[in-house]
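Colleague: below is the sequence, then the predicted model.
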Amino acid sequence: MLLPSVIFLLTLLLVIWQPRGLSIGTSAVVGALAALAAGVVSFDDVLAVTAIVWDATLAFIGIILLSMVLDEIGFFEWAAVKMARLSRGSGHLMFLNILLLGALVAAFFANDGAALILTPILLAKMKYLKMDGKAIFAFLMAGGFIGDSASNPLVISNLTNIVTAGYFGIGFVEYMRAMFLPNLLAIAASIAVLWLFFRKSIPARIDTDLLPEAATVIRNMRMFRISWWFLGLLTAGYFIGDRFDLPVSLFALGGALLFLAIAARHKAAKPLMTIRRAPWQVVWFSIGLYIVVFGLKNGGLTDEIAGWLAALKPHGEALYIVGTGFLAAFLSSVMNNMPTVMIMDIAIDQVGDTYLAYANILGCNLGPKMTPIGSLATLLWLHVLAKKGVAIGWGEYMKVGLIVTPPVLLVALLGLL
């Protein structure tokens, strides 16, 4: 157990700190090669990991590609301006509207899409509205939080959702039904707790007249109109795919490439440039890090966690579900939710109570908000902000995350009972 743990910790350290600009994908692959060389994992384990994560990883790439094309059209900027103007100058109503927008983006374009696409748009608009530093911090932190806390409703809303649904064979519709109430509660609790925490930093009035008209930020009106129809058809495709047991990536990545081709036809996007800018490093990150995590499984970590879960079971269903969710949340906050979701999935499979998969998802999606290293989305979010000249320290981040996350997670988990 010692050697797999050391390899995992060193790999995670490389992923977080990225020395000399080392990419997250390269760091994870280095860790995977080290695990192979040390005999911690076998080549058969590599094949097993690839079989588990290929659909999730390709689906994620598709979702991000689609988001990038929509961003080129001006879709998300239009939505941000529209929601801001609907506040009619009320700072508190704008705070609510931005959180609702973040929840919608996370649901259909994943939490990472919200981090990569929506964050820079919101930051630019807040500076345009001449908000002070306290208000900008409040809106950014709240927007970053809702991106993860509301990434539960659909299989495509989070990479952890896709991995877990694939591992346990949970269909698109089955998943959506099970997570409807927990996600609704997570959004409501997030809005309430975030507003209570930041209410003194939110300006009473904001001059929304400084913003342009929403229609003026659309860069290609024809593609903007097409996008609504396309998104509707794509959503229908997910339901059809579920009916015939087709992989999510067939529609997510296939749909994204088709939409990119349509956008290129209407001169709204440059295909090669868009594909080149896609986060391909996430492919190597997912496969590499999961191979390293398989080393922890082989070392007995999943057996240990399965024992912890089994110890909770005699104390009743409520404690069993809530305890599983908080265990997943704690592990995600200290070792990142990507490895945690697989470790917990394997442990849950060992105890045989697959309904705990939903508690695991909630814990892995919300728990990471307690620390800056908890999720890939948060790391991307912090990286985007740093490039824009906004540095948020670990202490600042955790002061919010450690207070806001536990009550929201508890409310969401209660929705599973």
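Modeller: Sure, I can see it.

Colleague: chain center to the longest helix along the chain, what's the gap?
Modeller: Scanning the chain for the helix with the most residues, using DSSP state H, yields helix 43-73. Distance of helix 43-73 from its chain centroid, counting by C-alpha atoms, centre = their mean, to the nearest Å, is 13 Å.

Colleague: dump the following helix or strand past that helix to CSV, restricted to CA.
Modeller: Later in the chain than helix 43-73, the nearest helix or strand by DSSP states H and E is helix 75-86. Taking Å, rounded to 0.1, in the frame of the first residue of the first chain, the C-alpha atoms of helix 75-86 are listed here in CSV:
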residue,chain,number,x,y,z
PHE,A,75,-24.2,32.2,-27.1
PHE,A,76,-22.9,32.4,-23.5
GLU,A,77,-22.2,36.1,-23.5
TRP,A,78,-25.8,36.7,-24.7
ALA,A,79,-27.1,34.6,-21.8
ALA,A,80,-24.9,36.4,-19.3
VAL,A,81,-26.0,39.9,-20.5
LYS,A,82,-29.6,38.8,-20.7
MET,A,83,-29.6,37.5,-17.1
ALA,A,84,-27.8,40.6,-15.8
ARG,A,85,-30.3,42.9,-17.5
LEU,A,86,-33.2,40.9,-16.1
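
Colleague: would you confirm that L211 contacts K127?
Modeller: No. Counting by C-beta atoms under 8 Å, L211 sits too far from K127 to count as a contact (11.8 Å). For every residue, glycine as well, the C-beta is placed using N, CA and C.

Colleague: elements contacting the longest helix of the chain?
Modeller: helix 24-37, helix 75-86, helix 91-113, helix 159-168, helix 221-243, helix 248-265, helix 271-277, helix 281-298 (3 or more C-beta pairs under 8 Å, 6 or more residues apart in numbering; DSSP states H and E).

Colleague: for that helix, buried residues please.
Modeller: Buried positions in helix 43-73, judged by neighbour count with 16 or more other C-beta atoms under 10 Å: 45-46, 48-49, 52-73.

Colleague: angle of that helix against helix 75-86?
Modeller: 60 degrees (axes from the mean of the first three to the mean of the last three C-alpha atoms, to 10 degrees).

Colleague: what angle do helix 43-73 and helix 91-113 make?
Modeller: Using the same axes, to 10 degrees: helix 43-73 against helix 91-113 is 140 degrees.

Colleague: now do helix 43-73 against helix 281-298, angle only.
Modeller: For helix 43-73 against helix 281-298, the angle by the same axes, to 10 degrees is 150 degrees.

Colleague: picking up where we left off before, who's more crowded, L211 and K127?
Modeller: For L211 and K127, the more surrounded residue by other C-beta atoms under 10 Å is L211, and the numbers stand at 18 against 12.

Colleague: residues contacting that one?
Modeller: 81, 84-85, 125, 128-129 (C-beta atoms under 8 Å, 6 or more residues apart in numbering).

Colleague: pick the one among those residues closest to L93.
Modeller: For the contacts of L211, the closest approach to L93 (C-beta to C-beta) belongs to A84, at 9.8 Å.

Colleague: pLDDT value on the closest one, please?
Modeller: Looking at A84, its pLDDT is 88.

Colleague: now do the contacts for it.
Modeller: Residues counted as contacts of A84 (C-beta under 8 Å, 6+ apart) are 94, 97-98, 125, 129, 208, 211.

Colleague: just checking, M179 touches A359?
Modeller: No. Between M179 and A359 there is no contact under C-beta under 8 Å: 10.9 Å.

Colleague: of those two, which one has the most company?
Modeller: Neighbours around M179 and A359, counted as other C-beta under 10 Å, are more numerous at A359. The numbers are 27 against 24.

Colleague: please give me every residue in contact with the nearest residue to L58 once chain neighbours are set aside.
Modeller: Leaving out its chain neighbours, the residue that sits closest to L58 by C-beta to C-beta, 6 or more residues apart in numbering is S249, at 3.8 Å. By C-beta under 8 Å, 6+ apart, S249 lies in contact with 54-59, 62.

Colleague: what do you get if the cut-off is 7 Å, keeping everything else the same?
Modeller: Residues near S249 by C-beta atoms under 7 Å, 6 or more residues apart in numbering: 55, 58-59, 62.

Colleague: state the pLDDT value of it.
Modeller: 90.

Colleague: quick check, nearest of the contacts of A84 to E396?
Modeller: Nearest member of the contacts of A84 to E396, counting by C-beta to C-beta, is I98, at 19.5 Å.

Colleague: ok, now how distant is the nearest residue to I218 once chain neighbours are set aside from F224?
Modeller: Closest residue to I218 apart from its sequence neighbours, by C-beta to C-beta, 6+ apart: G74 at 4.4 Å. To F224, G74 is 7 Å away according to C-beta to C-beta, to the nearest Å.
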